[in-house]
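Undergrad: structure, please.
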Amino acid sequence: MQLIRSFEDAGPWRNGYVSIGNFDGVHRGHQEMLRTLVGRAATHSAPALAVTFDPHPMTLLRPDVAPPPLTTLPHRAELLGQYGVTGLLALPTNQTLLDLTPDEFFEQVIVGRLAARGMVEGPNFFFGRRRAGNVTTLRAMCQSRQMTLDVIAPVTVGDQWVSSSVIRSLLQSGDTTAAVALLGHPYRLTGVVGSGARRGRTLGFPTANLIDCPTLVPGPGVHAGTCPRDGRNYAAAIHIGPNPTFGEQQLKVEVHLLDFAGDLYGQELTVDIHSRVRDVQRFAGVEELKAQLTRDLAEVRDRVAGFLQ
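TA: Residues are numbered from 1 along each chain as shown. This next block holds a predicted model:
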C-alpha cells in the first residue's frame, strides 16, 4: 500500500480501477466495495486505487457540522491495504476541487488524471459541486466512456445498515461492541500520554492518560482492547469518562496495559478497542473500586486473549 498525495505521483495507478469516497472507518460496507474493486483489477491485471479527500470536504464547506473522523489518514491507508488496495490517493481538499461540477470532476479527475477503466462505488455516492452527481449520473458518464461501474448494495449487520454515521453515533454513545461489529475490526485510538493525577499507580493499577486524540473519542465506559507496542500486543483496559468515585467530572481516556512495566509519559500510544465491558460507576470507597478493577482486568484479559502475542 502506498499513500499518494498528488496526481503527479499517481502515474502507476493510471488505467486501473478506482473507488472514490471518504472511507472513514473502512467499515464492512467499504470492505465489500474493496473486494469488488480488487477483484476487477486482478481480472484485468490492472491497479486498484482508492481515492479520498484530506481533510474531509465538510471541514471546508460547513466546519461547524464536520463529523469527527473515525480514522487518521495513515491508519485508513493501512486498513485499505489489508483489503488488497495498492494505492490510496489523498486529494488535498480545496475550493477549486470542491467547485468542479460533476461533469468537470468526471472528465478532469476520473478520465483525465486517472484514466480509469472502471469504477466501484456505494449506493450513496455523490460527487461534484453541491453533491449534484450521484450513481445514476455516474453510470451515464461511465457508459459514454465505455467504462464499467459497479454499485455495491448496502451492507447490513443484523438489521443495522452499515455506515460511518451510524458507527459514529454508536461510538458517541459508548457502545464500542456494536460499533466494532459494524466496522469489522477494532476501533483505534491514538494519542499522546499526558500527565494525570497518578492515582492509578498508588492503587496498583497505573494508567496512561491519552490526550490530543485526532479521532472520535468514544462515550463513557470501560472497554477491552489491545495495544501494539515493542513488537507485541498487550491487553489494555480503557476507561473513558469521569472518575465519580473521586468527585472528578472531567472526561479522560485512561489506559492500563496488562503485564507492562515502563514510563510512557510524553510518548504516542495506540490502543485498539475491541468491546465494551461496563458503564462508568461511582464506588463507595477505594477497596470497592480496587475489587472492581481486578474483575475488569480479568474480563479484559479473557476477551482479548486471542489477539495477544
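Undergrad: could you give the mean pLDDT of the one helix or strand residue 74 maps to?
TA: In the assignment (DSSP states H and E), residue 74 maps to helix 73-82. On average, the pLDDT along helix 73-82 is 97.
Undergrad: which residues touch it?
TA: 1, 3, 23-24, 26, 34, 50, 52, 54, 71, 88, 90, 185, 188, 190 (CB atoms under 8 Å, 6 or more residues apart in numbering). All C-beta atoms are positioned from the backbone trio N, CA, C, and that covers glycine.
Undergrad: now stretch 19-31
TA: Residues outside stretch 19-31 that contact it (CB under 8 Å, 6+ apart): 33-34, 37, 49-53, 56, 67, 69-71, 76, 79-80, 83, 110, 119-122, 125, 127, 152, 154-155, 157, 162-164, 167, 182-185.
Undergrad: just the buried residues out of the residues you listed, in ChimeraX syntax.
TA: To isolate the buried members of the contacts of stretch 19-31 in ChimeraX, using 16 or more other CB atoms under 10 Å:
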select :33,34,37,49,50,51,52,53,56,69,70,71,76,79,80,83,110,119,120,121,122,125,127,152,155,157,162,163,164,167,182,183,184
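Undergrad: looking at the contacts of stretch 19-31, which are in helices?
TA: The helices, defined by DSSP state H, take in 33, 34, 37, 76, 79, 80, 164, 167, 182, 183 from these.
Undergrad: closest to residue 230 out of those residues?
TA: Checking the ones in helices among the contacts of stretch 19-31 against residue 230 with CB to CB, the nearest one is residue 79 at 22.3 Å.
Undergrad: would you mind listing the residues in contact with residue 168?
TA: Contact partners of residue 168, counting by CB under 8 Å, 6+ apart, are 67, 68, 70, 216.
Undergrad: if I look at residue 73, how far off is residue 136?
TA: Going from residue 73 to residue 136 by CB to CB, to the nearest Å gives 30 Å.
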